[in-house]
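*Asks:* have a look at this fold, sequence not included:
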């Protein structure tokens, strides 16, 4: 069906129950957004300037941090505008673009998490072959593949949503153009679109989670076979940050997206999505910087070089 929608723009409902606290919420979310951006930017910069971090592991981590910046920036600036000035209107085209960027970057992030898990598996379980297999060229190829698959999968879904008819109402019960909420507003038959969205969410989450579980199962077995407690502790420390981050991401995303009926999740999604787009990226940057000894050492060396140069 061609898009014969009578709706040319939507209203993002945001958080109407606390809208009277708009300026306070604006300040809180602005600080969280800036802290998240600064933390992820720090990871990207320190990976580029510190020689000890120019390895496949940190190359993948810096790419993941860049995706986190894009993921957060797709929705938080509009939320800040809602809190500060009450500008809740968004055009049909801008809504689809926001949804496309948010979901495609998120999908790419899950594939990249799987790649990072495989990287840790190779480093711990196959240390002698690791330098030859997981070089920067291989990492670049895997990152490109993650981007291509993530964006390709979501493009078809967005095209299908864009061809739905929207006759009203035009209020999206969310703080950004969530695809589930958008599909629910359509006056077309959305069953096939809902099933496609559910199938893609299930495919992306389960495929990446399965790779991650297999990789870390082998890692755990390998670590337990190490002869000394010191070696086991050292091996586990190289992937502890990644384990914490992926547990945060998967738990919140499975709660939000793996539900076949869109109507059953509209009310509960806003709070969970806020955690996923504000809190989780902030915690990710904090975990990777504060819980990583190599990053600490690289920061100290960089600061020392800067002091010596001045």
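*Replies:* That came in fine, so what should we check first? All values reported here derive from a predicted model rather than from experimental measurement. Numbering: from 1, shown residues only.
*Asks:* quick one: find the helix or strand in this protein with the lowest mean pLDDT.
*Replies:* Comparing every helix and strand of the chain by mean pLDDT, DSSP states H and E singles out helix 266-274 as the least confident one, with a mean of 68.
*Asks:* gap between the most centrally placed residue in the chain and residue 125?
*Replies:* The residue lying closest to the centre of the chain (Cα atoms, centre = their mean) is residue 106, at 4.4 Å. According to Cβ to Cβ, to the nearest Å, residue 106 and residue 125 sit 29 Å apart. The way it works is simple: take the backbone N, C-alpha and C, and place the C-beta from them, glycine included.
*Asks:* next, the buried residues of the helix or strand encompassing residue 23.
*Replies:* Element membership for residue 23 (DSSP states H and E) is helix 22-49. The neighbour-count check on helix 22-49 (16 or more other Cβ atoms under 10 Å) flags 22, 25-26, 29-30, 32-33, 36-37, 39-40, 42-44, 46-47 as buried.
*Asks:* name the nearest of these relative to residue 178.
*Replies:* residue 29 (17.3 Å; Cβ to Cβ).
*Asks:* distance between the ends of stretch 118-133?
*Replies:* Start and end residues of stretch 118-133 are separated by 11 Å (Cα to Cα, to the nearest Å).
*Asks:* can you give me how far it is from the chain middle?
*Replies:* 25 Å (Cα atoms, centre = their mean, to the nearest Å).
*Asks:* use 58 as the first number for this chain going forward.
*Replies:* From this message on, residue numbering opens at 58, which makes the last subject stretch 175-190.
*Asks:* rounded mean pLDDT for that stretch, please.
*Replies:* Average pLDDT, stretch 175-190: 89.
*Asks:* hang on, the earlier thing: so the residue nearest to the centre of the chain sits right up against residue 127, yeah?
*Replies:* No - when contacts are counted by Cβ atoms under 8 Å, residue 163 is not listed as touching residue 127 (9.6 Å).
*Asks:* skip ahead from the helix or strand hosting the residue nearest to the centre of the chain and say which helix or strand is next.
*Replies:* Assigned by DSSP H and E, residue 163 belongs to helix 149-182. Downstream of helix 149-182, the first helix or strand assigned by DSSP H and E is helix 187-190.
*Asks:* show me what that following helix is packed up against.
*Replies:* helix 149-182 (3 or more Cβ pairs under 8 Å, 6 or more residues apart in numbering; DSSP states H and E).
*Asks:* list the buried residues of the helix it packs on.
*Replies:* Under 16+ other Cβ under 10 Å, the buried positions of helix 149-182 are 149, 152-153, 155-182.
*Asks:* please apply the same query to stretch 214-233.
*Replies:* Under 16+ other Cβ under 10 Å, the buried positions of stretch 214-233 are 214-215, 218-219, 221-223, 227, 229-233.
*Asks:* so which of those residues sit within helices?
*Replies:* 214-215, 218-219 (DSSP state H).
*Asks:* export those residues to TSV and append columns for distance to residue 111.
*Replies:* Shown next, in TSV, are these (distance: Cβ to Cβ, whole Å):
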residue	distance to residue 111
214	37
215	36
218	41
219	42
